[in-house]
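[1] following is a predicted model, sequence given first.
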Amino acid sequence: EPEVTQTPSHQVTQMGQEVILRCVPISNHLYFYWYRQILGQKVEFLVSFYNNEISEKSEIFDDQFSVERPDGSNFTLKIRSTKLEDSAMYFCASSSYLGNEQFFGPGTRLTVL
Amino acid sequence: KQEVTQIPAALSVPEGENLVLNCSFTDSAIYNLQWFRQDPGKGLTSLLLIQSSQREQTSGRLNASLDKSSGRSTLYIAASQPGDSATYLCAVLDGTGANNLFFGTGTRLTVIP
């Protein structure tokens, strides 16, 4: 069964460093998303992406964040200068069309020291 | 802004019992509602999707209902098993044209053998 994959599963970085989190969405899906979950808190929406551009973003998704689909399969989230409060589990998701079921990857646990 | 609440926060039941998990949301203008399962430190597994025009959906031992006008959904699990132990999250997709899910904080279910 097709699934969303994410790498790495765990990333440890120093404050101020850049990180890139990678995702491979389900192959025939057109909409891609990033969410995050700080330990003990709700899953929060960061950004949605369609047709090679951001379709929506939350107030969390500030200038330190960017997303890219560098080729036909990968979807990346970059954090330019990480802060302690960026420590969280980051989930990638995809859906076949707008409003359809979203399928989530296993997550990348980001730890900022 | 849409707020999603899940009660109870935690629930313990003996194996074999039927149980109901509750989800409420503040804005009834939703597009759909998804129930997820999250195992500790893992990703989100989609269980059921209910479109706003539907009243319920069933998958195996799971049955989800939706009462949009009152802002409520329930997830019914029949004949619970220890393998059902996990955190169950509900999430709503706003009907405003946005494409992001608003998540509840989840119900942590423990099924005791």
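    Arrived safely.
[2] and the strand or helix carrying B:Tyr88, which strands flank it?
    Per DSSP states H and E, B:Tyr88 falls inside strand B:86-94. Strand pairing for strand B:86-94, using DSSP bridges, gives strand B:30-38 (antiparallel), strand B:101-103 (antiparallel), strand B:107-112 (antiparallel).
[3] list the contacts for A:Cys23?
    For A:Cys23, the contact set (C-beta atoms under 8 Å, 6 or more residues apart in numbering or on different chains) comprises A:Val4, A:Thr5, A:Gln6, A:Phe32, A:Trp34, A:Asn74, A:Phe75, A:Thr76, A:Leu77, A:Cys92, A:Gly105. For the C-beta atoms, the positions are set from N, CA and C on the backbone; glycine is no exception.
[4] pLDDT wise, what is the residue nearest to it when sequence neighbours are not counted at?
    Distance criterion C-beta to C-beta, 6 or more residues apart in numbering or on different chains; nearest residue to A:Cys23, sequence neighbours excluded, is A:Cys92 at 3.3 Å. The model reports A:Cys92 with a pLDDT of 97.
[5] in which helix or strand would I find A:Cys92?
    strand A:88-95.
[6] which residues touch A:Met15?
    A:Thr82, A:Lys83, A:Leu84, A:Val112, A:Leu113.
[7] scan the residues you listed and report the most crowded one.
    Counting neighbours by other C-beta atoms under 10 Å in any protein chain shown, A:Thr82 leads those with 21 neighbours.
[8] wait, that residue touches A:Thr13, no?
    Yes: here A:Thr82 reaches A:Thr13: they are 5.6 Å apart, a contact under C-beta atoms under 8 Å.
[9] overlap in contacts, the two.
    Listed as contacting both A:Thr82 and A:Thr13 by C-beta under 8 Å, 6+ apart are A:Val19, A:Leu110, A:Val112.
[10] quick check, nearest of those to B:Lys68?
    Taking C-beta to C-beta as the measure, A:Leu110 is the one of the shared contacts of A:Thr82 and A:Thr13 closest to B:Lys68, at 36.0 Å.
[11] quick one: the strands in chain A?
    Assigned by DSSP state E, the strands in chain A fall at A:5-7, A:10-13, A:19-24, A:31-37, A:43-50, A:53-57, A:65-68, A:75-79, A:88-95, A:103-104, A:108-112.
[12] for residue 83, give me the pLDDT.
    Assuming you mean chain A. A:Lys83 carries a pLDDT value of 96.
[13] the intended chain is chain B.
    B:Gly83 is given a pLDDT of 96.
[14] do you know how far it is from chain A?
    Noted for B:Gly83: a distance of 18 Å to chain A, by C-beta to the nearest C-beta, to the nearest Å.
[15] tally of neighbours for that residue?
    Neighbours around B:Gly83, by other C-beta under 10 Å: 8.
[16] same question, the one 3 residues further on
    The number of residues packed near B:Ala86 is 20, by other C-beta under 10 Å.
[17] close to chain A: what parts of chain B are there?
    Listed as neighbours of chain A in chain B under the rule C-beta under 8 Å from any C-beta of the partner chain: B:31-32, B:34, B:36, B:41-46, B:49, B:89, B:91, B:93, B:98-105.
[18] just the buried residues from those residues, in PyMOL please.
    Of the residues of chain B next to chain A, the buried ones can be selected in PyMOL as follows, counting by 16 or more other C-beta atoms under 10 Å in any protein chain shown:
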select buried, chain B and resi 31+32+34+36+43+44+49+89+91+93+98+99+100+101+102+103+104+105
